[in-house]
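Engineer: structure, please.
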Amino acid sequence: MPEPLKNLLHEALVGDMADRIAANAPSFDKGRFAALATAGLNALELMERSALIRDALFATLPDDFPEAAAILKASLPAAGKPGLSGWMLLPINQFIAARGPDHFELGLLKALTPHFTAEYGIRPFIHRDQQRALAIISGWVGDPDRHVRRLASEGTRPRLPWAMRLPQLIKDPAPILPILTALMDDPEDYVRRSVANSLNDIAKDHPDLVAAFIAGHIEGASPERRWLLKHASRTLLKKGHAQALANFGFGAAASLACELRLANDEVLFGEGLDFEIRVRNAGETKQSLMIDYAIHHVKADGSLSPKVFKCKTITLAPGQSHAIERRHAMRPITTRRYYPGEHRIAILVNGAESASQSFVLAMPD
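Structural biologist: Just a heads-up that it's a prediction; the model follows:
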């Protein structure tokens, strides 16, 4: 079994933190810090452990935040010198998020991000004073360090997973669009993926805005930008948003014959649903087709809830047919609880349901 995440923060790591901070602050009481940061540590989960270590920093670093920030910044790795890095920086993020907004010190997070993610620590600053924070963050889009450029995009995502949401940007994402535009052609895929994920976040609340943004940036796009724009549109494409589909050449399918065949109409949980999709272009013009499928899962109350899965993109000449075979696994996953009963599979062509059938999910005895 994989090592529990909580074990990423352990007593030896706390000892290393103490040594690395003390090397840059002789007055730092590393013994007291280690005692406070490890008291009951092994009984806690990951974020509880991080909070315990953060609280130990509160108790042992100077009360004056700029002074504490200077010590932490000096304790980061530099020129071959070991320093605070990796998971040591999770509680440092929490320390900055709690104490930093009163002083609006973003420079420490900028210095920290090459050594560990800083997008969680930066969000309280944006929440406190969005205009001031974004003015600083906008200046990072041309930074030579790719981690800093990515922080400009990832830290401003309205709905960043596992992080505090940014309600002002959820309501009106316009202030971060210039940041995303500036990073859209970044040389690093690492940064471009973050831009795509931020646009996809925005699309959940403002689908028409993102579809229009994509339309305004797709003409003459490089392959890298085109990939970014399509990845940014993934939620819209799954939902069959007309403008999003049109952005990538997928119009309403016309004169299309679509057939769905199930190999088995009853699936035992832990096994899979085997099916075949056959499509034929019965029209007189070539058609680009984005073929997905949706599994309508049974919920606890007996109702159905659809989940869309990507399948294949094809182009069919007039009269041409194409067959696709797939197996959809019905096995335990952490993000879904399965219930027995009659489910449904639907085939979506350019966002429109074109064929469907029911099947029964049975639980083993």
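Engineer: contact partners of stretch 41-55?
Structural biologist: 5-6, 8-11, 14, 17, 36-37, 39-40, 90-92, 94-95, 98 (Cβ atoms under 8 Å, 6 or more residues apart in numbering). Every C-beta, even on glycine, is put in place using the N, C-alpha and C of the backbone.
Engineer: pull the CA atoms of it into PDB?
Structural biologist: C-alpha atoms of stretch 41-55 as PDB (Å, rounded to 0.1, in the frame of the first residue of the first chain):
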ATOM      1  CA  LEU A  41       2.400  14.800  15.900                       C
ATOM      2  CA  ASN A  42       2.000  11.100  15.100                       C
ATOM      3  CA  ALA A  43      -1.700  11.000  16.000                       C
ATOM      4  CA  LEU A  44      -2.500  13.700  13.500                       C
ATOM      5  CA  GLU A  45      -3.400  13.800   9.800                       C
ATOM      6  CA  LEU A  46      -1.400  15.700   7.200                       C
ATOM      7  CA  MET A  47      -3.000  19.200   7.400                       C
ATOM      8  CA  GLU A  48      -3.300  18.900  11.200                       C
ATOM      9  CA  ARG A  49       0.400  18.100  11.400                       C
ATOM     10  CA  SER A  50       1.200  21.100   9.200                       C
ATOM     11  CA  ALA A  51      -0.900  23.300  11.400                       C
ATOM     12  CA  LEU A  52       0.900  22.000  14.500                       C
ATOM     13  CA  ILE A  53       4.300  22.900  12.900                       C
ATOM     14  CA  ARG A  54       2.900  26.300  11.900                       C
ATOM     15  CA  ASP A  55       1.800  27.000  15.400                       C
END
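Engineer: can you give me the buried ones in that stretch?
Structural biologist: 41, 49, 50, 51, 52, 53, 54, 55 (16 or more other Cβ atoms under 10 Å).
Engineer: same question for stretch 138-156.
Structural biologist: 138, 140-141, 146-156.
Engineer: those residues into CSV, with extra columns for pLDDT, secondary structure and distance to residue 258?
Structural biologist: Output for the buried residues of stretch 138-156, formatted as CSV (pLDDT from 0 to 100; DSSP: H, G, I helix; E, B strand; the rest coil; distance: Cβ to Cβ, whole Å):
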residue, pLDDT, secondary structure, distance to residue 258
138, 97, helix, 47
140, 97, coil, 48
141, 98, coil, 45
146, 97, helix, 44
147, 97, helix, 46
148, 97, helix, 48
149, 98, helix, 44
150, 97, helix, 41
151, 97, helix, 45
152, 97, helix, 44
153, 97, helix, 39
154, 96, helix, 39
155, 96, coil, 43
156, 97, coil, 41
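Engineer: let me see the ranges of the helices in the stretch 151-300 of the chain.
Structural biologist: Ranges of helices within the stretch 151-300 of the chain are 167-171, 177-183, 189-203, 207-217, 223-232, 234-238, 242-247, based on DSSP state H, counting those that start in this stretch.
Engineer: give me the angle between the fifth one and helix 189-203.
Structural biologist: Read that as helix 223-232. Counting by axes from the mean of the first three to the mean of the last three Cα atoms, to 10 degrees, helix 223-232 lies at 30 degrees to helix 189-203.
Engineer: what is helix 223-232 packed up against?
Structural biologist: Secondary-structure packing of helix 223-232 (3 or more Cβ pairs under 8 Å, 6 or more residues apart in numbering; DSSP states H and E): helix 189-203, helix 207-217.
Engineer: if I look at the nearest residue to residue 349 once chain neighbours are set aside, how far off is residue 319?
Structural biologist: Take residue 349 and drop its neighbours on the chain: the residue closest to it by Cβ to Cβ, 6 or more residues apart in numbering is residue 253, 4.8 Å away. Noted for residue 253: a distance of 15 Å to residue 319, by Cβ to Cβ, to the nearest Å.
Engineer: settle it for me: which of these two has more neighbours?
Structural biologist: residue 253 (22 against 10; other Cβ atoms under 10 Å).
Engineer: tell me how the chain divides into domains.
Structural biologist: Domain assignment for the chain by automatic domain parsing gives 5-247, 256-362.
Engineer: what average pLDDT does the last one get?
Structural biologist: I take that to be domain 256-362. In this model, domain 256-362 has a mean pLDDT of 95.
Engineer: just the endpoints, please. Distance across it?
Structural biologist: Domain 256-362 has an end-to-end distance of 34 Å (Cα to Cα, to the nearest Å).
Engineer: off-centre distance for it?
Structural biologist: Its chain's C-alpha centre and that of domain 256-362 lie 25 Å apart, by Cα atoms, centre = their mean, to the nearest Å.
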